[in-house]
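Trainee: got a structure for you, letters missing:
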């Protein structure tokens, strides 16, 4: 069974993602101790909130270097969810420019309304459009909806790292990947059957 360490850096309620990981066949460990990353077969970095606060918490608790060691150095599969995906970027621009983990070649910027019917934050169900096949979406029909809650998105400079886009607010990147490192803008734990399948695929990667 997978030993999935869910990083607790004080930015969201982690019970729901832990329950879904368990339902999908993993053994979740919610941890605020960076040393526990060394026991992981997979690592999940979730999050809801502001980029500067999240990165500050991550650095203050010592997760920044521990994640670099385990994910980049040791090749442990990683999934960033929503704000967790944002922190994978080079930098975020929410209030102030803040350096991210630097695993994805891009920066986090605010969604821009493209008309009166475009509401920010983007909350609700929306399709993703795959740019290429990814193991994260194996066995999932291409026209399925996922649940989003966000006001910012990653603007990628390396198109090869863009797995999927969503046609809202002029279009935004909704999934990224770099080798064994994955990120999704939507919340798989809130996306019912398709979201659960995404997590199963990650656990089986």
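Mentor: Nice, I can see it. Source: prediction; values computed, not measured.

Trainee: from here on, just use CA atoms for contacts and neighbour counts.
Mentor: Fine.

Trainee: give the contact list for residue 5.
Mentor: The contact partners of residue 5, by Cα atoms under 8 Å, 6 or more residues apart in numbering, come to 28-31, 36-37, 39-44.

Trainee: now those residues: which count as buried?
Mentor: 28-30, 37, 40-44 (16 or more other Cα atoms under 10 Å).

Trainee: can you show me the helices along the protein?
Mentor: Secondary structure of the chain by DSSP state H: the helices cover 15-23, 51-60, 63-67, 83-86, 192-203.

Trainee: out of the ones you listed, nearest to residue 92?
Mentor: helix 51-60 (6.3 Å; Cα to Cα).

Trainee: may I see the buried residues of that closest one?
Mentor: Burial within helix 51-60, assessed by neighbour count using 16+ other Cα under 10 Å, is assigned to 51-52, 54-58.

Trainee: point out the other helices and strands that that helix packs with.
Mentor: Applying 3 or more Cα pairs under 8 Å, 6 or more residues apart in numbering; DSSP states H and E, one finds that helix 51-60 makes contact with strand 89-94, strand 96-99.

Trainee: list of residues touching it?
Mentor: 9-11, 47, 64-65, 83, 86-87, 92-100.

Trainee: can you give me the strands in this structure?
Mentor: Using DSSP state E, the strands found in the chain span residues 3-7, 27-31, 42-45, 78-81, 89-94, 96-99, 104-110, 122-127, 129-130, 145-150, 152-156, 162-166, 172-178, 181-184.

Trainee: paired strands for the second one, with orientation please.
Mentor: This means strand 27-31. According to DSSP bridges, strand 27-31 has the following sheet partners: strand 3-7 (parallel).

Trainee: contacting residues for residue 39?
Mentor: Counting by Cα under 8 Å, 6+ apart, residue 39 makes contact with 3, 5.

Trainee: how far away is it from residue 29?
Mentor: Residue 39 sits 10 Å away from residue 29, going by Cα to Cα, to the nearest Å.

Trainee: shared neighbours of those two, anything?
Mentor: By Cα under 8 Å, 6+ apart, the residues touching both residue 39 and residue 29 are 3, 5.

Trainee: sorry, back to before: ranking the helices of the chain by burial, who's on top?
Mentor: A comparison of these by mean neighbour count, using mean count of other Cα atoms under 10 Å, puts helix 83-86 on top with a mean of 28.

Trainee: for that helix, packing partners?
Mentor: For helix 83-86, the packing partners by 3+ Cα pairs under 8 Å, 6+ apart come out as strand 181-184.
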